[in-house]
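> Below is the sequence, then the predicted model.
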Amino acid sequence: MYLTDMVVDEARRMALIIAKLLGIKATGTFDEYRQEFNNILESEYNTELEKLIHLSQEDFDSLIKGDLYSSEKLNALSQMLYVFAEPFERNEETQLLLKKVMAIFDVLEEKYHFQSFDNLTKRSAIYGYFNIKL
């Protein structure tokens, strides 16, 4: 019971963080949004956006496959990176972010057996961005 409460609290906290970011993205400046995004990455994941973007795919895969983050934190990270990448512009940063989102979705499905309609919809949008046929 106690573990369930902790998981629910963690999921609720991550949802509030994502909601806060969405609010800033909608009403604030891009610099303010990027700064808050980095603050959250630093406090929750001990990293920053530039490091994540330029982390090799192999190193990123090792990071997310380890036991450092719970499934809730990984799901929240995928949501944050996805929202940050929107609107999907044709540039290297967006491509790198979306590849990392896909890697997180893969780990969530394979390691944690976690799937959601939201993630499936986002996966489909990413496939569309890369012009991958389902």
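Everything's here; your move. Residues are numbered from 1 along each chain as shown.
> Heading C-terminal from the strand or helix carrying Phe84, find the next helix or strand.
According to DSSP states H and E, Phe84 maps onto helix 71-85. Next helix or strand after helix 71-85 toward the C-terminus (DSSP H and E): helix 92-110.
> Show me what that following helix is packed up against.
Helices and strands touching helix 92-110, as assessed by 3 or more Cβ pairs under 8 Å, 6 or more residues apart in numbering; DSSP states H and E, comprise helix 49-54, helix 57-65, helix 71-85, helix 117-129. Where you see a C-beta, it was placed from the backbone N, CA and C, and this is true even at glycine.
> Out of those, which is the most enclosed?
Across these, the average number of neighbours (mean count of other Cβ atoms under 10 Å) peaks for helix 71-85, which reaches a mean of 21.
> if you average pLDDT over that helix, what comes out?
Mean per-residue pLDDT for helix 71-85: 94.
> hmm, back to that, other residues contacting the helix holding Phe84?
The contact list for helix 71-85, computed with Cβ atoms under 8 Å, 6 or more residues apart in numbering, reads 7, 10-11, 14-15, 17-18, 21-22, 25, 37, 40-41, 44-45, 49, 52, 64, 69, 93-94, 97-98, 100-101, 104-105, 107-108, 111-112, 114, 116, 119, 122.
> can you do 6 Å?
By Cβ atoms under 6 Å, 6 or more residues apart in numbering, the residues outside helix 71-85 that reach it are 10-11, 14, 18, 94, 97-98, 100-101, 104, 108, 112, 114, 122.
> could I get the helices and strands packed on helix 92-110 as a markdown table with distance to Thr29?
Rendered in a markdown table, the data for the helices and strands packed on helix 92-110 read as follows (distance: least, Cβ to Cβ, whole Å):
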| stretch | distance to Thr29 |
| --- | --- |
| helix 49-54 | 16 |
| helix 57-65 | 28 |
| helix 71-85 | 14 |
| helix 117-129 | 25 |
